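>>> task: produce atomic coordinates for the following.
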Amino acid sequence: MVYENNVQDILDAQNGNQEIMTKLIEENNGLIWSIVKRFRERGYELEDLYQIGCMGFVKSIKRFDSSFEVKLSTYAVPYILGEIKRFLRDDGSIKVSRSIKELAMKIRDIQNKQLKEKGEEITIHEMAKQLKVSKEEIALALDSLKPTVSIYENSYTNDEGGISFLDTLSSNVDEAEQVVSKIAIKEMIENLEEREKQIILLRYYKNKTQMEVAKILGISQVQVSRIEKKILHSMKVKLV
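Now for the predicted structure:
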């Protein structure tokens, strides 16, 4: 049973039962972490993002309607994603580690001293030798001294408004909708009858032909085709 709804638990959590709320979070812990890990390269502790994700999950519980023909896990995904993205947006620019900041300040001091005493800039090789660090570390620290540009800052404006750097990186893919669809498809497959499930798994996950599936299951190719069309039509209707 994957992320099944327990309507009474959801109602109890909505009515302020913190013990039940905690239980629901624990039951959906894997779901929250699966979304959090998508942001592992953003320079934040995953545990911090997990807490933000939990806040999004709690919001989804509070707004969930038991009449929805969708599982809580599917409904919660956009809220978890949205809460994390909102945090990343509002938290400002990229974080730089303390050690890099300290190295950058030492480099700045050496550069100023070199200019005052010799009237020329010191090379990365000389700085690396003097500070006993690699040239790569020097380059990274120097890069951290450059002013950062927010991905949300307008880089181009016109009469219709600004375009941020983030807009220029957009893949035009609705990430939340994509994740929801994947989870919904997984749930629909889980709820299929055993033979139907085997047909879908063999056809679309094992890349078997209808004839190969027919031989494996001991039925005709016509039967495989008919069952497959029925399943795909049903899934398409539910996803629309």
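>>> was I right about Gly82 contacting Gly53?
No - shown here, Gly82 and Gly53 do not form a contact pair, counting by C-beta atoms under 8 Å, at 10.2 Å. Yep, even glycine has a C-beta here, placed from its N, CA and C like the rest.
>>> compare these two (neighbour count), which wins?
Per other C-beta atoms under 10 Å, whichever of Gly82 and Gly53 has more neighbours is Gly53, with 28 against 14.
>>> what residues are up against the more buried one?
Ile32, Trp33, Ile35, Val36, Ile80, Glu83, Ile84 (C-beta atoms under 8 Å, 6 or more residues apart in numbering).
>>> give me that answer again for 7 Å
The contact partners of Gly53, by C-beta atoms under 7 Å, 6 or more residues apart in numbering, come to Ile32, Ile35, Val36, Ile80, Glu83, Ile84.
>>> state the three-state secondary structure for the fifth one.
Local secondary structure at Glu83 is given as helix here, using DSSP: H, G, I helix; E, B strand; the rest coil.
>>> considering the contacts of Gly53, which possesses the most neighbours?
The most crowded member of the contacts of Gly53, judged by other C-beta under 10 Å, is Ile80 (28 neighbours).
>>> how far does the helix or strand harbouring it sit from the chain's center?
According to DSSP states H and E, Ile80 maps onto helix 72-90. Centroid separation for helix 72-90 versus its chain: 9 Å, with C-alpha atoms, centre = their mean, to the nearest Å.
>>> now the longest helix along the chain: buried residues?
The longest helix of the chain (DSSP state H) is helix 98-118. Buried positions in helix 98-118, judged by neighbour count with 16 or more other C-beta atoms under 10 Å: Ile100, Leu103, Ala104, Ile107, Gln114.
>>> centre of the chain versus stretch 21-33, how much separation?
17 Å.
>>> what sits up against it?
Contacts for stretch 21-33 (C-beta under 7 Å, 6+ apart): Tyr3, Asp9, Ala13, Tyr50, Gly53, Cys54, Phe57, Val58, Ile61, Ser73, Ala76, Ile80.
>>> and the fourth one, what does it touch?
It stands for Tyr50. Contacts here follow C-beta under 7 Å, 6+ apart; on that basis Tyr50 touches Ile32, Trp33, Val36.
>>> which members of the residues you listed occur in helices, if any?
Per DSSP H, the subset of those in helices is Ile32, Trp33, Val36.
>>> quick one: which of those residues is nearest Glu45?
Val36 (10.4 Å; C-beta to C-beta).
>>> so what are the domain limits for this structure?
The record's domain split for the chain, according to automatic domain parsing, is 7-90, 98-144, 192-239.
>>> buried ones in stretch 11-22?
Residues Asp12, Ala13, Gln14, Ile20, Met21 are the ones in stretch 11-22 that count as buried (16+ other C-beta under 10 Å).
>>> per-residue confidence averaged over the helix or strand hosting the last one?
Going back to what we said before, that points to Met21. Using DSSP H and E, Met21 maps to helix 18-27. For helix 18-27, mean pLDDT is 91.
>>> ok, now how distant is the residue most central in space within the chain from Ile10?
The geometric centre of the chain, computed from its C-alpha atoms, lies nearest to Arg38 (C-alpha atoms, centre = their mean), at 3.4 Å. According to C-beta to C-beta, to the nearest Å, Arg38 stands 25 Å off from Ile10.
>>> go on, Leu232?
From Leu232 to Ile10 the distance is 31 Å (C-beta to C-beta).
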